[in-house]
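Q: Turn this into a structure:
(one chain, ligands or ions: 2)
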Amino acid sequence: MNPPRAHSLRPSLRRRLLLVLLIPVSVLLLLDALLTYGVALTYANRVHDRDLSDDALTLATMLGNDQLDGELTPQARFLLEYDPDGHSYFTVSSTRHGLLTSNGQLPQPAQVPAIGARPVLYDAQLAKRALRAATVHIAMRSDPGDSLVVTVAETLHDRHRQAREILLLASVTQTLLIIGVLSLVWFGVGRGLRVLDPLTARLAARTDELTPIDGPDVPLEIRPLTHTIDALFGRLRSMLALHDRFIADAAHQLRTPLTGLSLHVEHAMADPRPETVADALVHIRRLTQRAARTSTQLLALTRAQAPSLDAGERRLLDLSRFIPEAVAERVHEAIRAGVDLGYEGTERALPVLGDAASVQDLLDNLIDNAVRYAGRGSTVTVRLQARVDGGASLGVEDNGPGVPPELLPRLSERFFRAAGSNEEGSGLGLAIVQRIAERHHAEVIYRLGEVRGLCVEVRFPAPSSTGRPLPVSG
Ligand SMILES: Nc1ncnc2c1ncn2[C@@H]1O[C@H](COP(=O)(O)OP(=O)(O)OP(=O)(O)O)[C@@H](O)[C@H]1O
Ligand SMILES: [Mg+2]
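A: Residues are numbered from 1 along each chain as shown. Ligands and ions are numbered 1, 2, ... in the order given. Model prediction:
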């Protein structure tokens, strides 16, 4: 992949933060603009309304002082008609002479104010143009029987222009302010991330160290990440320890049969008589079988201990169906070994939360032990029972020689083998059983039979009580 392109596609804290800020800030800016325009227009209206009232009043007062006789003086006419922008309108009428002058059909207010009252302000419309108008009613000085109604109006053009000017000014300053804040965020993120420098330096100085990286210099916000990494490191440490142990065990356990093999081969080569070679071959077969068994069991033990076994393999397993099928598969082998292998179980469903392959391994090891150590002519019974707590009890018992009672607590130890048996074995079977049981939150109990023999019982908990993840055994 092209590196610069990959880099640009990577999530960036800066970009994300800016994006997260930009959208709400833009919406706020828009709302603020609307608000500013509204406020500016209100103030412009207030000022213009006051000017309009004053204009109406000044004009009316001036006209009221004139001697009209149905006609305006040229001076008054000039004042009224002076409108460089074309935004102003007026109407002057007297009660005695009617309409005196006007530059448009200005609508009158709903109610003409009383003589001498404050000017009335109202919205009006003239030739589809919105207007603001002020009407005032005053008595004529020169003719006490007459009164003058003066209306002046203007378009809203100037008011909107002023509001726009204020808005523009405010928008420019606000946009500059926001650009400033966003730039600060952009540079602030860069500076803020420097708090990670000590952690990065510590990690860079490591070669193959997997100790926890959390420390007092880790910022609060990064701690969930360091905790997750530390948990991962923990799992990796136990995996590595497991591998180390596997390699050490394999090297140690396979050395003896391999040395034996080489000795027997040398012996046969040195003395090629048929009986010596045949004898060497018998030993070689026994030693290769032992080496193969040891490596199989070591692998099985490592698998049972590996943390990855947890992932998604647990499901509800009905032991009352699974166990008899697993026992049936071993019957022929038992018959060949001269052992009477039987099953006693219940019809009732006995679900446990577990992994079928592991439970199969567990049962195989128990049956294998019972058949081999109890020996020809013995009886082995696999018993499945429901427990009062809703769990299941899986027992494998035989009527063989058993083990001395003081050795019972040591049976689960790796490579432990009780003395006195001629059977080959690597001493790992019950360690595997123990690990698999632990993964299923089950308990392994060793008992001697009432008369003779050994009974190994595995107590599985009820599925509802094992909602938590299977533990990783080391
Ligand atoms: N049913 C049994 N009767 C008598 N002794 C037993 C029985 N099961 C186990 N043992 C003793 O416990 C020891 C440990 O058993 P375990 O299954 O762990 O190892 P193993 O059978 O020697 O080797 P492998 O790894 O091949 O199973 C055995 O060597 C044997 O001495
Ligand atoms: Mg065994």
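Q: Same question for stretch 355-362: list its buried residues.
A: Buried residues in stretch 355-362, counted by 16 or more other Cβ atoms under 10 Å: 355, 358-362. Backbone N, C-alpha and C define where each C-beta goes, glycine included.
Q: Among the residues you listed, which lie within helices?
A: 358-362 (DSSP state H).
Q: Spatially, and excluding backbone neighbours, which residue is closest to the residue of the chain found nearest ligand 2.
A: Using Cβ to the ion, Gly429 is the residue of the chain that sits closest to ligand 2, at 2.7 Å. Spatial nearest neighbour of Gly429, excluding adjacent residues (Cβ to Cβ, 6 or more residues apart in numbering): Asn365 at 4.0 Å.
Q: so how many other residues sit close to that neighbour?
A: 21 (other Cβ atoms under 10 Å).
Q: could you say what helices and strands the one helix or strand it maps to packs with?
A: Here Asn365, judged by DSSP states H and E, is contained in helix 356-374. When contacts are defined as 3 or more Cβ pairs under 8 Å, 6 or more residues apart in numbering; DSSP states H and E, helix 356-374 sits against helix 274-305, strand 315-318, helix 319-328, helix 331-336, strand 379-386, strand 392-398, helix 429-439, strand 454-460.
Q: Get me the contact residues on the chain for ligand 1.
A: Residues of the chain lying close to ligand 1 by Cβ under 6 Å from any ligand atom are 293, 297, 365, 369-370, 373-374, 398, 400, 402-403, 411, 416-418, 421, 425-431, 454.
Q: Buried ones among those residues?
A: 293, 297, 365, 369-370, 373-374, 398, 400, 402-403, 411, 417-418, 425-431, 454.
Q: my guess is Pro107 meets Arg129, correct?
A: No - counting by Cβ atoms under 8 Å, Pro107 sits too far from Arg129 to count as a contact (11.9 Å).
Q: coming back round to it: with distance to ligand 2 and pLDDT as added columns, please give the buried residues of stretch 355-362 in TSV.
A: As requested, the buried residues of stretch 355-362 are exported to TSV (distance: Cβ to the ion, whole Å; pLDDT from 0 to 100):
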residue	distance to ligand 2	pLDDT
Asp355	20	90
Ser358	16	93
Val359	17	95
Gln360	15	95
Asp361	12	95
Leu362	12	97
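Q: From these, pick the one nearest Tyr37.
A: Asp355 (69.4 Å; Cβ to Cβ).
Q: Relative to Ala419, how far out is the closest one?
A: Distance from Asp355 to Ala419, counting by Cβ to Cβ, to the nearest Å: 34 Å.
Q: do the same with Val181
A: Distance from Val181 to Ala419, by Cβ to Cβ: 81 Å.
Q: cool, Arg164 as well?
A: 104 Å.
Q: In terms of packing, which of the two has more residues around it?
A: Arg164 (14 against 7).
Q: For the more buried one, list the residues it contacts.
A: Tyr37 (Cβ atoms under 8 Å, 6 or more residues apart in numbering).
Q: what about Thr211, is that helix, strand or coil?
A: coil (DSSP: H, G, I helix; E, B strand; the rest coil).
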